[in-house]
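>>> Would you be able to build a 3D model of this:
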Amino acid sequence: MTRTLDLTDPATGEVFGTSPIAGQSDVDNAMAAAAQAFAVWRRTTPAQRQLALLKIADTLEARAAEFADLEVRETGKIRSVVLDEEIPESVSALRFFAGAARQLEGTAAGEYAPGHTSVIRREPVGVCAQIAPWNYPLMMAVWKISPALAAGNTVVLKPAETTPSTAVLLAEVAAAFLPAGAFTVLTGDRDTGRALVRHPSTDLVSITGSTRAGIDVATVAAADLKRTHLELGGNAPLLVFGDVDLDATAEGIVGAAFYNAGQDCTAGSRVLVHASIHDGFVAALAKAAAAQTPGVDFGPLNSAAQFSRVEGLITRLPSHARIETGGSRHGSAGFYFAPTVVSGLRQDDELVQEEIFGPVITVQSFSDEATGVALANGVPYGLASSVWTNDLGVAARVSAELDFGCVWVNTHGPLVAEMPHGGFGHSGHGKDLSAYAFAEYTRVKHVMTRFA
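Prediction:
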């Protein structure tokens, strides 16, 4: 009998269905089909791959309401946000990589040894095992499969345990335009993911998830020297200097911190504010945060486990910390957490050092530019950051010193398909989106021909 996992609506806390747990035989069958499909898909022309991705994008766009219904049921997200922002961004990524398939650049042929001509070939890597997270189930699935398929690879994707449905529907849509086995979705648990990672047919492993999960994947993959692409946790600093408009900046930061209930690896949750405006800015942040309503402005936390984790971080706050607003459950049903601002924190506090992944903003003070940068860089993560100032010189200096894969200036969070997304340190390595992501799914071959 197939084992299953319960699926829970995080807006109500009620179980509404089940999802099968793929076992070793399922993994073996999916990987065998992917390997067989690779022999076909790798030899398609870039124009053929482009057309397939464009058709998938068009179908996703046409069936947006159906995808949104599934996404909302498993995440509790605000439906209008899914329809107006996340699905259009997913469609955009598919269309971008459809174009990228026909724009792969390489070194020009040349003679570097007498009588010999050298050519560089960019080739697909092979069969890719991909693991998607629960915070953006559809969009992260699209980010993963698009560059892989565009480059001529085949994919076996495992969605998160709590949010499998949009990935399954995406695979059903794609099946009409791809060879059988080119893109397969396997639902399951961590053991399913580990079986994919260690499978002998796997050539590349890509995961978006926690740092702990990334280390687990990298450890298993290393035993067989598999290539890895790791987009992991984040703990983004937002450096606010003394020349900003307090209310406007506070509104911008609250929007960046509480988007998707703060369940975002780039969430703007770690605010570092110049001492000259600290008290006034904390008050502005608390006011802007308190004006946010869970269930209206953002959805619930994904699961009981995630709710317990965020609640635990607040419960364990040190005595020198101060809750300015929020800090507890919102309502009696589901996994809603009140928008929260915590001040008085120190650099070694758990809430500063750990990724929160909830609607919580921490505030620290800094006295000068160098101190602010040191505090910002003083965590293991290196995914995203931002600088808030009207001084162009400050923005240029600080953005160069911040040790993060993305630095925004006077904003926090916008992503576009043309620009890379990925971090350093415990935030992993490799890029999503952009031509850099496309290159991640290729290998470089040197072909030398003697013509003399």
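
>>> List the contacts of residue 214.
Each residue near residue 214 by CB atoms under 8 Å, 6 or more residues apart in numbering is listed here: 207, 230, 232-233, 428. To be clear about C-beta, it is placed using only N, CA and C from the backbone, and glycine gets the same treatment.

>>> and if we set it to 6 Å?
Residues in contact with residue 214 (CB atoms under 6 Å, 6 or more residues apart in numbering) are 207, 230, 232, 428.

>>> moving C-terminal of the host helix or strand of it, what's the next helix or strand?
With elements taken from DSSP states H and E, the one containing residue 214 is helix 211-222. For helix 211-222, the succeeding helix or strand toward the C-terminus, using DSSP H and E, is strand 227-231.

>>> could you give the angle of that next one to helix 211-222?
If you take axes from the mean of the first three to the mean of the last three CA atoms, to 10 degrees, strand 227-231 sits at 180 degrees to helix 211-222.

>>> So in that sheet, which strands flank strand 227-231, and in what orientation?
Next to strand 227-231 in the sheet, as set by DSSP bridges, lie strand 204-208 (parallel), strand 428-429 (antiparallel).

>>> give me the low-pLDDT residue ranges for the stretch 251-400 of the chain?
Counting by pLDDT under 70, not a single residue of the stretch 251-400 of the chain qualifies.

>>> coming back round to it: out of the strands paired with strand 227-231, which one sits most buried?
Sort those by mean neighbour count, taking mean count of other CB atoms under 10 Å, and strand 204-208 sits at the top with a mean of 25.

>>> now that strand, how far from the centre of its chain.
The chain centroid and the centroid of strand 204-208 are separated by 12 Å, computed with CA atoms, centre = their mean, to the nearest Å.

>>> got it, and stretch 403-411?
Put simply, stretch 403-411 sits 16 Å off its chain's centre (CA atoms, centre = their mean).

>>> what does stretch 421-438 give?
The chain centre lies 10 Å from the centre of stretch 421-438; the measure is CA atoms, centre = their mean.

>>> And it, what's buried?
421-423, 425-435, 437-438 (16 or more other CB atoms under 10 Å).

>>> Contacts for that stretch, please.
By CB under 6 Å, 6+ apart, the list of residues contacting stretch 421-438 from outside reads 100, 143, 147, 211, 214, 229-232, 234, 380-383, 405, 415, 417-420, 440.

>>> Export only the CA atoms of that stretch, formatted as PDB.
The C-alpha atoms that make up stretch 421-438 are tabulated as PDB, following Å, rounded to 0.1, in the frame of the first residue of the first chain:
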ATOM      1  CA  HIS A 421      19.400  35.500  -7.800                       C
ATOM      2  CA  GLY A 422      21.700  33.600  -5.500                       C
ATOM      3  CA  GLY A 423      24.000  34.100  -2.600                       C
ATOM      4  CA  PHE A 424      27.200  33.300  -0.800                       C
ATOM      5  CA  GLY A 425      28.200  31.500   2.400                       C
ATOM      6  CA  HIS A 426      25.400  29.500   4.100                       C
ATOM      7  CA  SER A 427      23.000  30.900   1.500                       C
ATOM      8  CA  GLY A 428      24.500  28.400  -1.000                       C
ATOM      9  CA  HIS A 429      26.000  28.700  -4.400                       C
ATOM     10  CA  GLY A 430      24.700  29.000  -8.000                       C
ATOM     11  CA  LYS A 431      22.200  31.400  -9.500                       C
ATOM     12  CA  ASP A 432      18.600  31.200 -10.300                       C
ATOM     13  CA  LEU A 433      17.100  33.400 -13.100                       C
ATOM     14  CA  SER A 434      19.200  35.100 -15.800                       C
ATOM     15  CA  ALA A 435      21.800  33.800 -18.300                       C
ATOM     16  CA  TYR A 436      23.900  32.800 -15.300                       C
ATOM     17  CA  ALA A 437      21.200  30.200 -14.300                       C
ATOM     18  CA  PHE A 438      21.100  28.900 -17.800                       C
END
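
>>> And the average pLDDT for it is what?
Across stretch 421-438, pLDDT averages out at 96.

>>> One more: stretch 209-216?
Along stretch 209-216, the predicted confidence averages to a pLDDT of 95.

>>> Which positions in that stretch come out as buried?
209-211, 213-214, 216.

>>> likewise stretch 441-452?
Taking 16+ other CB under 10 Å as the basis for neighbour counts, the residues of stretch 441-452 that come out buried are 441-442.

>>> from the chain's centre, how far out does that stretch sit?
Offset of stretch 441-452 from its chain centre (CA atoms, centre = their mean): 34 Å.

>>> Can I get that stretch as CSV, trimmed to CA atoms?
Taking only C-alpha atoms (Å, rounded to 0.1, in the frame of the first residue of the first chain), the coordinates of stretch 441-452 have been written out as CSV:
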residue,chain,number,x,y,z
TYR,A,441,22.8,23.7,-16.4
THR,A,442,25.5,23.3,-19.0
ARG,A,443,28.9,21.7,-19.2
VAL,A,444,31.9,23.0,-21.2
LYS,A,445,33.7,20.7,-23.7
HIS,A,446,36.8,21.5,-25.6
VAL,A,447,37.0,20.0,-29.1
MET,A,448,40.4,20.3,-30.9
THR,A,449,40.8,19.3,-34.5
ARG,A,450,44.2,18.7,-36.3
PHE,A,451,43.8,20.0,-39.9
ALA,A,452,47.5,20.1,-41.0
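
>>> Quick check: bridge partners of the residue most central in space within the chain?
The central residue of the chain, meaning the one whose C-alpha is nearest the mean C-alpha position (CA atoms, centre = their mean), is residue 208 at 5.6 Å. For residue 208, the beta-bridge assignment (DSSP bridges) gives partners residue 231.

>>> what's the spacing between it and residue 368?
From residue 208 over to residue 368 the distance is 36 Å, taken as CB to CB, to the nearest Å.

>>> In strands, which of the contacts of stretch 421-438 fall?
When DSSP state E is applied, the contacts of stretch 421-438 are split such that 229-231, 381-382 fall in strands.

>>> Of those, keep whichever come out buried.
Burial by neighbour count, judged by 16+ other CB under 10 Å, picks out 229-231, 381-382 from these.

>>> Any chance of a markdown table for the contacts of residue 214, columns distance to residue 376?
As requested, those are arranged in a markdown table below (distance: CB to CB, whole Å):
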| residue | distance to residue 376 |
| --- | --- |
| 207 | 26 |
| 230 | 22 |
| 232 | 18 |
| 428 | 19 |
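
>>> Quick check: bridge partners of residue 124?
Bridge pairing for residue 124 (DSSP bridges) gives the partners residue 442.

>>> gap between the regular element (helix or strand) spanning residue 255 and the chain center?
Taking DSSP H and E as the definition, residue 255 sits inside helix 246-258. For helix 246-258, the distance from its own C-alpha centre to the chain's C-alpha centre is 21 Å (CA atoms, centre = their mean).
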